[in-house]
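*Asks:* Got a predicted structure plus its sequence, pasted below:
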Amino acid sequence: MSASLPAFMGITEPAIFGVNLRFGRPFLFALCGGAAAGFAGALLGAASTGMGVAAIPGIVTYLYSAEAIRNYFIIHGVGMLVSGLLCWFFFDPNKAEAELEAKKAE
């Protein structure tokens, strides 16, 4: 949970190295969410006015039109929905933690 706020601000390293890579599956699910968001962006023809600004602060690069802002929220919603649903249905954190503990004991 502590890695989510920095991730929403564009600093994803705590989430990647502290959570996702540790368990494996959430990392793959995040990749799928990013791919789905990229596909949605391509379908919508989304384009920003700058680069390097990510997540919530990135909205400033889409302020040039109402359609661009709408696309921004759709794209981010698709990414969060896909990765969130994949984790919800296909990842059990208790089981993953037990597997990590078993590996440490070996």
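*Replies:* Looks like it arrived, so ask away.
*Asks:* can you list the residues that contact the helix or strand hosting I74?
*Replies:* Using DSSP states H and E, I74 sits in helix 66-90. Identification of contacts with helix 66-90 by C-beta atoms under 8 Å, 6 or more residues apart in numbering yields 25-26, 29-30, 32-34, 36-37, 40-41, 44-48, 55, 58-59, 62-63. Heads up, the C-betas are built off the backbone N, CA and C, glycines and all.
*Asks:* Dump the C-alpha coordinates for the host helix or strand of E99 into CSV.
*Replies:* Here E99 sits within helix 93-105, counting by DSSP H and E. Below are the C-alpha coordinates for helix 93-105, written out as CSV (Å, rounded to 0.1, in the frame of the first residue of the first chain):
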residue,chain,number,x,y,z
PRO,A,93,-1.3,-12.9,-1.7
ASN,A,94,-1.5,-15.3,1.2
LYS,A,95,-0.5,-18.2,-1.0
ALA,A,96,2.3,-16.2,-2.6
GLU,A,97,3.6,-15.2,0.8
ALA,A,98,3.5,-18.8,2.0
GLU,A,99,5.5,-19.9,-1.1
LEU,A,100,8.1,-17.2,-0.4
GLU,A,101,8.5,-18.4,3.2
ALA,A,102,8.8,-22.0,2.0
LYS,A,103,11.6,-21.0,-0.4
LYS,A,104,13.4,-19.1,2.4
ALA,A,105,13.2,-22.2,4.7
